[in-house]
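**Q** Sequence first, then the predicted structure, then my questions.
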Amino acid sequence: RKLTEQARTHHETMTGEYQKRVLLYSGWGKKLLKQAGFGPEVVSMAMQLASYRLLGKQIGTYEAALARRFYHGRTDTARPVSPQSSAFVEVMGRKPYKGDEENKLYWLQEAAMVHQEVQDLANSGLGVDRHLFGLGMMVQDDDPHVPALFSDPLYLRSKPLRLSTSLVPFTPGFGPVADDGIGVGFTVAADSCVFTITSRKENNYVEPFYNLLEEALEEIGDLIRPGY
């Protein structure tokens with residue numbers, strides 16, 4: 001009984017440090033994506049747009065890739081941040097606006113295509129994140145011959161994974177990887193998408209991200225529906 005009470009207290013203390021909210025979005029899902037020639041990578045672009053509008057820039061983003069086809073394989077990382085996704089969020093802007101729909105759709109298509117390619121490579125064992133992580137773990141703090149890569153500003157900027165996401169068959173919540181980050185477990189159903197959004201309370205990110213994500217999903221739905 002004492003151990004049970006200790007475990008309960010520990011659980012309540014840990015979970016009490018986080019905010020959580022579930023977004024059930026019923027505007028569109030797999031059906032519309034398939035009709036428009038897209039896959040779930042479009043949902044990743046919606047999260048990129050929401051985080052861009054929340055923080056004013058794109059941030060290091062983890063999206064799980066599955067390497068389970070390999071012996072002892074588990075996951076790798078498929079990063080949605082790319083030059084194409086950067087162009088997409090920039091053309092969409094910090095706030096919704098009417099106009100330039102063809103350009104918006106073009107960059108959504110380009111960003112989604114590149115992200116699908118990155119996912120396919122990572123799922124096939126050709127991801128780079130786990131490899132770079134292993135190399136980084138081999139570097140000693142006092143090593144005078146540390147490769148320049150590990151001090152490169154772009155590499156350093158990419159390391160904090162402030163947005164951690166995973167497409168899952170159901171929607172459990174999980175905490176963010178970074179203390180100043182956001183965790184999102186999501187599912188794409190036939191006519192809906194479900195997101196479990198978490199972040200530490202002191203960040204106050206959950207509510208604004210929830211609203212911005214819903215807004216982004218609406219805008220993307222308008223872009224990909226036939227006859228926009």
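**A** Thanks, I have it. Remember, predicted model here, so these are calculated numbers, not experimental data.
**Q** where in the protein is pLDDT low?
**A** 171, 227-228 (pLDDT under 70).
**Q** For this protein, just list every one of the strands.
**A** With DSSP state E as the criterion, the chain has strands at 18-25, 61-66, 75-77, 163-167, 182-188, 193-200.
**Q** Going by contacts, tell me the helices and strands next to the third one.
**A** Counting contacts by 3 or more C-beta pairs under 8 Å, 6 or more residues apart in numbering; DSSP states H and E, strand 75-77 packs against strand 61-66, helix 101-123, helix 129-138. C-beta here means a position set from N, CA and C on the backbone, and glycine is covered the same way.
**Q** related to what we said a few turns ago, will you turn the strands of the chain into a markdown table that also has distance to residue 44?
**A** As requested, the strands of the chain are arranged in a markdown table below (distance: least, C-beta to C-beta, whole Å):
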| stretch | distance to residue 44 |
| --- | --- |
| strand 18-25 | 14 |
| strand 61-66 | 6 |
| strand 75-77 | 13 |
| strand 163-167 | 7 |
| strand 182-188 | 9 |
| strand 193-200 | 11 |
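**Q** Out of those, the one nearest residue 137 is which?
**A** Closest to residue 137 of the strands of the chain, according to C-beta to C-beta: strand 75-77, at 15.4 Å.
**Q** closest to residue 138 out of the strands of the chain?
**A** Judging the strands of the chain by C-beta to C-beta, what sits closest to residue 138 is strand 75-77, at 18.4 Å.
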